[in-house]
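1. here's a sequence, model it:
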Amino acid sequence: MAEAQLAQALPNLLSPDAATRQAAEQAIEQIKGQPAAWFPAILSLARGFPEPQMRQMAAVVLRKSISKDPWTAAGLEAQTVVKAGLLEAVFPETQHLVRKALGDVISKLAAVASQADVCPAILLGKSDR
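-> Alright, predicted model coming up:
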């Protein structure tokens, strides 16, 4: 459900109509309030949106939403899904800008993990699976 809502809202962030953009921002903020659903859903869009610019935007939105508190609130299961999904997504991605945006997400996750004094498996090139 969160993924479907995000798939509708994300492209509307680029709308020239202010009301459409504002509605999209509100929908996204509402989903962000549920970190366990938010992180896997936005990653799924970063991996699966047909248009490369939308995959890139999803990755950028994901990176900007990562901080210690929401990431911790997402729970271990969602964190594991996201870390493994990032590793699985970055290498086969054919679009340079999308691959870079996914790499930026990995970098941000590493920074958040280092603040928590945790050696993230993502730095070791392993998933938690």
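2. give me the neighbour count for the residue nearest to residue 1 when sequence neighbours are not counted.
-> Nearest residue to residue 1, sequence neighbours excluded (C-beta to C-beta, 6 or more residues apart in numbering): residue 37, at 7.9 Å. For every residue, glycine as well, the C-beta is placed using N, CA and C. Other residues within reach of residue 37 by the criterion other C-beta atoms under 10 Å amount to 18.
3. packing partners for whatever helix or strand residue 37 lives in?
-> For residue 37, the host element (DSSP states H and E) is helix 35-48. When contacts are defined as 3 or more C-beta pairs under 8 Å, 6 or more residues apart in numbering; DSSP states H and E, helix 35-48 sits against helix 2-12, helix 18-32, helix 52-65, helix 68-90, helix 96-115.
4. tell me the angle of the third one relative to helix 96-115?
-> With axes from the mean of the first three to the mean of the last three C-alpha atoms, to 10 degrees as the criterion, the two stretches helix 52-65 and helix 96-115 enclose an angle of 10 degrees.
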